[in-house]
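Trainee: can't give you the sequence, but here's the structure:
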Ligand code: SF4
């Protein structure tokens with residue numbers, strides 16, 4: 001019989017909402033040193049880091065917007081995990097996390113403008129993706145994607161005559177920098193860019209979020225894309241937008257790109273902008289052993 005792991009999923013949600021991953025914190029700390037002493041940019045980063053420490057110590061949300069919960073569940077074939085039961089356990093854990101104030105009630109019915117009060121809304125909130133995998137491990141990944149940074153995400157259809165962007169990596173570079181320029185500080189910079197090249201409109205946006213589950217600094221295996229990732233981060237940091245839009249050197253702390261196949265008629269580039277509150281965690285279940293990262 002399948003184990004009930006609701007309380008373990010609750011811990012995953014608590015950890016994700018209140019404890020910023022160490023790779024993100026390290027990047028933010030390194031960014032402080034790049035900003036001038038006494039500048040608004042440096043002050044913003046120092047305040048962010050103070051907030052990160054307090055949230056961890058007090059087990060309170062890192063940001064008042066606890067974001068859209070996005071789960072990816074990789075369940076092992078033949079190990080008897082029921083996706084129906086897992087979905088129920090995730091939803092129950094989310095309801096409990098909201099009651100315990102690890103999550104702000106964030107699910108608002110868009111037609112009736114009514115908040116459900118428990119972060120559950122229809123079958124789509126929280127967003128849960130299942131994928132069957134080989135091996136024995138059950139892995140659940142969670143990202144909490146802030147609303148402000150989601151608002152400044154963008155999708156482009158190339159060619160784009162306004163930006164002079166053609167259907168090549170040069171065109172991709174132009175539209176991604178345009179998205180950062182248009183976002184200014186409204187995505188709660190410093191941000192992390194998830195970029196998908198190709199796909200259809202839906203799959204492209206999904207992929208641009210999926211790449212954000214990877215650790216900072218992990219480069220695409222394709223050297224052309226890896227080079228573009230580095231270049232975009234460095235060029236975005238010359239735009240002068242800076243932490244929370246206060247100006248400065250630190251606008252983007254990493255860029256992740258994934259290439260996809262596309263129809264001959266379409267060439268989409270999707271940009272998911274993730275704010276500094278880059279909350280993503282993973283739990284693995286191996287028999288009775290649970291690990292969190
Ligand atoms: S975009 Fe991120 S940092 Fe800004 S308010 Fe939303 S969750 Fe918080």
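Mentor: The structure has been received and is ready for your questions. Please read all numbers here as calculations on a predicted model, not as lab measurements.
Trainee: the ligand contacts on this protein?
Mentor: Residues of the chain lying close to the ligand by CB under 6 Å from any ligand atom are 63, 65, 67, 146-149, 188, 275-277. All C-beta atoms are positioned from the backbone trio N, CA, C, and that covers glycine.
Trainee: ok, the residue lying closest to residue 235 once chain neighbours are set aside - contacts?
Mentor: Take residue 235 and drop its neighbours on the chain: the residue closest to it by CB to CB, 6 or more residues apart in numbering is residue 177, 6.1 Å away. Residue 177 sits next to 232, 235-236, 239 when contact means CB atoms under 8 Å, 6 or more residues apart in numbering.
Trainee: need the residues of the chain next to the ligand in TSV with secondary structure, distance to residue 266 and neighbour count, can you?
Mentor: Supplementary listing: the residues of the chain next to the ligand in TSV, determined by DSSP: H, G, I helix; E, B strand; the rest coil; distance: CB to CB, whole Å; neighbours: other CB atoms under 10 Å:
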residue	secondary structure	distance to residue 266	neighbour count
63	coil	35	20
65	coil	33	19
67	coil	30	25
146	coil	29	23
147	helix	28	12
148	helix	29	17
149	helix	26	24
188	coil	31	23
275	coil	29	25
276	coil	33	30
277	coil	33	25
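Trainee: dump those residues to TSV, plus pLDDT.
Mentor: As requested, the residues of the chain next to the ligand are exported to TSV (pLDDT from 0 to 100):
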residue	pLDDT
63	97
65	97
67	97
146	96
147	97
148	96
149	97
188	97
275	98
276	97
277	97
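Trainee: now, the most widely separated pair of these?
Mentor: When the residues of the chain next to the ligand are compared pair by pair using CB to CB, the two farthest from each other are 147 and 276, 14.3 Å apart.
Trainee: from the contacts of residue 177, which land in helices?
Mentor: With helices taken from DSSP state H, the overlap with the contacts of residue 177 comprises 232, 235-236.
Trainee: the longest helix in the protein is where?
Mentor: Of all the segments assigned as helix in the chain under DSSP H, the longest by residue count is helix 40-58.
Trainee: quick one: contacts of it?
Mentor: Outside helix 40-58, the residues that reach it (CB under 8 Å, 6+ apart) are 18-20, 25, 28-29, 31-32, 35-36, 60-62, 190, 242-244, 246-250, 276.
Trainee: could you redo the last one with a cut-off of 6 Å?
Mentor: If you take CB atoms under 6 Å, 6 or more residues apart in numbering as the criterion, helix 40-58 is touched by 18-20, 25, 28, 31-32, 35, 62, 242-244, 246-248, 276.
Trainee: then stretch 186-201?
Mentor: By CB under 6 Å, 6+ apart, stretch 186-201 touches 148-149, 152, 172, 176, 204, 207-209, 211-212, 241, 243, 250-262, 269-276, 278.
Trainee: among the residues you listed, which ones are buried?
Mentor: Applying a neighbour-count criterion of 16 or more other CB atoms under 10 Å, the buried members of the contacts of stretch 186-201 are 148-149, 152, 172, 176, 204, 207-209, 211-212, 241, 243, 250-260, 262, 269-276, 278.
Trainee: return the subset of these lying in helices.
Mentor: Within the buried ones among the contacts of stretch 186-201, membership in helices is found for 148-149, 172, 176, 204, 207-209, as judged by DSSP H.
Trainee: returning to that earlier point: what's the helix or strand that the longest helix of the chain is followed by packed up against?
Mentor: Toward the C-terminus, helix 40-58 is succeeded by strand 68-76 as the next helix or strand (DSSP states H and E). In this structure, strand 68-76 makes packing contacts with strand 127-133, strand 138-145, judged by 3 or more CB pairs under 6 Å, 6 or more residues apart in numbering; DSSP states H and E.
Trainee: kindly calculate the angle that strand 68-76 makes with strand 138-145.
Mentor: Using axes from the mean of the first three to the mean of the last three CA atoms, to 10 degrees, the direction of strand 68-76 lies 170 degrees away from that of strand 138-145.
Trainee: in the next helix or strand along the chain from strand 68-76, what's buried?
Mentor: Moving toward the C-terminus from strand 68-76, the next helix or strand (DSSP H and E) is helix 83-99. When neighbours are counted by 16+ other CB under 10 Å, the buried residues of helix 83-99 are found to be 86-87, 89-98.
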